[in-house]
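Engineer: coords please:
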Amino acid sequence: MRMMRGLAVWAVAGGLMLALGSAGQGQQGTRAAVGEQVAQTTVPEVAPPDSRTLSMEREQAKIRNTERQKKLVEDTTKLVELANELKAAVDKTDKNTLSLDVVRKADEIEKLAHSVKEKMKGD
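Structural biologist: Numbers count the residues shown, from 1 in each chain. Got it, this is the predicted structure:
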C-alpha cells in the first residue's frame, strides 16, 4: 500500500510537471505570435504620392518662395531707408554727442538685417 501511494504521488507530480511544462511552452508560443502580430501591425504601408499631390506641393512651394521674395524686397527697402536716416542723424551730431535716437535706429537696423539674412537662407 505504501508502494501504491508512492507511485500515485510520483504520477501526480509527473503529470503536474508535464502540464506546467506544456503550459509554459504554450505561453511562449502565444508571446511569439503576439510579437509577430505587433511587428506586422506597426509597420505602416505608405502609399506613393500621386502626381496631383506632387503638383500641389510644387505650387505651394512656388507661392511661398514668391511671398518670401516679396517680403525680402520690402525689408531691404526699409533697411536702406533706416540706414539713410541713421546717416543723417549721425551727420547732425558732433564727436562729443551721441543721440539716443541714433542708438535706437542702429538697433532697429541690426534686427532687420538679421531678419533679412534669415529669410535669404530660406527659413
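Engineer: Could you look up the next helix or strand downstream of the least confident helix or strand in the chain by mean pLDDT?
Structural biologist: Least confident helix or strand of the chain, by mean pLDDT, DSSP states H and E, is helix 2-42 with a mean of 52. Later in the chain than helix 2-42, the nearest helix or strand by DSSP states H and E is helix 51-92.
Engineer: Counting neighbours, what do you get for the nearest residue to A113 once chain neighbours are set aside?
Structural biologist: With sequence-adjacent residues excluded and distances taken as CB to CB, 6 or more residues apart in numbering, A113 is closest to L79, at 6.2 Å. Using the backbone N, CA and C atoms, a C-beta is placed for each residue, glycine as well. L79: 16 surrounding residues under other CB atoms under 10 Å.
Engineer: And for the one 4 residues further on?
Structural biologist: A count of neighbours around A83, defined by other CB under 10 Å, yields 15.
Engineer: any idea how far the closest residue to it other than its chain neighbours is from D91?
Structural biologist: Nearest residue to A83, sequence neighbours excluded (CB to CB, 6+ apart): I109, at 6.2 Å. Going from I109 to D91 by CB to CB, to the nearest Å gives 16 Å.
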